[in-house]
Each structure stands twice: as C-alpha cells, then as structure tokens.
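Engineer: predicted model and sequence below, questions to follow.
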Amino acid sequence: MADAPLMPKATAVWLVDNTSLSFDQIADFCKLHPLEVRAIADGESAQGIKGMDPISTGQLTRSELEKAQEDPNHKLKLAEAKVKVSVAKRKGPRYTPVSKRQDRPNAIRWLLRNHPELRDAQIIRLVGTTKTTIEAIRDGTHWNSANLTPLDPVTLGLCTQISLDMEVQKASKNRPADVPPVEVSDTLLPASDTEQVPPVGDESEVDAASVFSKFADQPEQSSETDLPEKNDQ
C-alpha cells in the first residue's frame, strides 16, 4: 500500500467530517471500500478514531483537495514526499518462520548431498541459516546429526524452485567441466561401416580392351567347312 496515506482510516474520518468529497473519492484515496467509508459516515465504523488532516501532514495539497471537491470524477493524488528515506539492504541470513526452523538442518543435509557444488553463502541465502550450522552438519558434529533426514528445501517451503535453480546454475559455472563418458550405442551400425572390402591381389586390372585384343591376333577361320574336291570322272 505505497499509494495509500498514513493511517488511512483516520484520514477517511477527517475527509468525511471536513470535506464534501464523495464516498468513492475518499475510498479511492484511502484504499478502502466505499461501503466502509459509508459506515464511517453513518457512525457505524471507526468509532473512537480521531481524524487526521492529510494536508497538515503533507500527504495532500489544498489545491488538490479543492480540485477534487469541484469535480466528483477527479481522483485525489498523494503529494510527492519532500524527503525520501533510503531503505538499507538487510544483511545476514534470511528470516525463516519459527514453524519451519526445525526443518532447516534437514534441508541443509539435502543440499550438501545433492548439490555439493553450492558454497556456504549460497546455502545461507536459500534456507536462512548460519555458516556454523552448515559446517557442523557437514562434519557430522551437529547435536542432532544422527536424526537428520535429507529433505528438499523447496518441498519444505524454505525456498522456491526458481531460487534453487539459479544458485545451482551460478555454482555450476565455476565448476570445471567433467569429461563426458563415451556413450555405447545399442543400435546397429550402418552397412557402410560393416561392409567388408575384398582384398586386392597382385593381379593386374582386367578390362574389356585387353580381353578382345587376344582374339584379334588369331587368324580368321572360314565359316564354311573345307570339303575335298571330287575327281572328275
């Protein structure tokens, strides 16, 4: 609710009592339901709440308020803050609900077993633990080490699958690539690989010209059979 004013109900009480704005305009500005604003106007809700002037607190300008009172369709806008407070980034382990803290050692055991490439800082970001706890579980010196069961932190609700995959990808980039094993195919080899070529002997290559040249060297024989001539009687 970054667009809502501070103390929205108290602001709505003041606007109902001191302005002619419609219920819809007040509800839109204070991020309330119009029926809730109507209940405030009827005295059925927000009893005992003192109204807070949004103009004196710098959340609304007077010109913006007058413009909204003249035009029922105009929506009030929060005044831009003069001072912006920078929110420092929180350091340290991520907060884990009390109901899930007992599952963190099991999640750490799972990460150490299934993703040994993860650094301690990455495990701390994922499950919100400390480096001392990680080292104790890795070395087996944890006070409850005998009863720990590896459990997926995503299933336990300690982190999301997307965050886990991102940390694993970061760790895999720094890990040296392993040589892939030679895959043995179970399929048959193609015929071109298994076809045996007959050995080539010392005999010279035979061609048609050399074969028919032998017949050309022989004398031609008559096609008719030579018969002995008969003597004339």
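Structural biologist: Happy to help now that I have it.
Engineer: so which elements touch the lengthiest helix in the chain?
Structural biologist: The helix that spans the most residues within the chain, counting by DSSP state H, is helix 161-174. Applying 3 or more CB pairs under 8 Å, 6 or more residues apart in numbering; DSSP states H and E, one finds that helix 161-174 contacts helix 120-127, helix 153-156. No exception for glycine: its C-beta is placed from N, CA and C like everyone else's.
Engineer: buried ones in the first one?
Structural biologist: It refers to helix 120-127. By neighbour count on 16 or more other CB atoms under 10 Å, the buried set for helix 120-127 is 120, 122-127.
Engineer: hmm, V13 is touching A46, no?
Structural biologist: Yes. At 5.5 Å, V13 and A46 qualify as touching, with contact defined as CB atoms under 8 Å.
Engineer: neighbour count winner among the two?
Structural biologist: V13 (24 against 19; other CB atoms under 10 Å).
Engineer: quick one: the helices in the chain?
Structural biologist: Going by DSSP H, the chain shows helices at 8-18, 23-30, 34-41, 62-70, 98-101, 104-114, 120-127, 131-139, 153-156, 161-174, 191-194, 208-217.
Engineer: if we can go back for a sec, what is the rounded mean pLDDT of the longest helix of the chain?
Structural biologist: In this model, helix 161-174 has a mean pLDDT of 88.
Engineer: give me the residues contacting that helix.
Structural biologist: Contacts with helix 161-174, where a contact means CB atoms under 8 Å, 6 or more residues apart in numbering, come from 115, 117-119, 122, 125-126, 153-154.
Engineer: apply 6 Å and report the result again.
Structural biologist: 115, 117-118, 122, 154 (CB atoms under 6 Å, 6 or more residues apart in numbering).
Engineer: buried among the residues you listed? Make that a ChimeraX selection.
Structural biologist: Only the buried entries of the contacts of helix 161-174 go into this ChimeraX selection, using 16+ other CB under 10 Å:
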select :115,118,122,154
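Engineer: which one of the contacts of helix 161-174 is nearest A39?
Structural biologist: A39 lies nearest to V154 out of those, by CB to CB, at 43.7 Å.
Engineer: now that closest one. Nearest residue, chain neighbours left out?
Structural biologist: In this structure, V154 finds its nearest non-sequential neighbour in Q161, 5.0 Å apart by CB to CB, 6 or more residues apart in numbering.
Engineer: P105 is in contact with T129, correct?
Structural biologist: No. Counting by CB atoms under 6 Å, T129 sits too far from P105 to count as a contact (8.2 Å).
Engineer: joint contacts of V13 and A46?
Structural biologist: Shared contacts of V13 and A46, counting by CB under 6 Å, 6+ apart, come down to I40.
Engineer: flag every buried residue along stretch 138-146.
Structural biologist: In stretch 138-146, residues buried by neighbour count (16+ other CB under 10 Å) are H142.
Engineer: so how far is the first residue of it from its last?
Structural biologist: 12 Å (CA to CA, to the nearest Å).
Engineer: before we move on, the earlier item: in the longest helix of the chain, what's buried?
Structural biologist: For helix 161-174, a neighbour-count test (16+ other CB under 10 Å) marks 164, 167-168 as buried.
Engineer: check those residues against R101 and report the nearest one.
Structural biologist: Looking at the buried residues of helix 161-174 and their distance to R101, the nearest is L164, at 18.7 Å (CB to CB).
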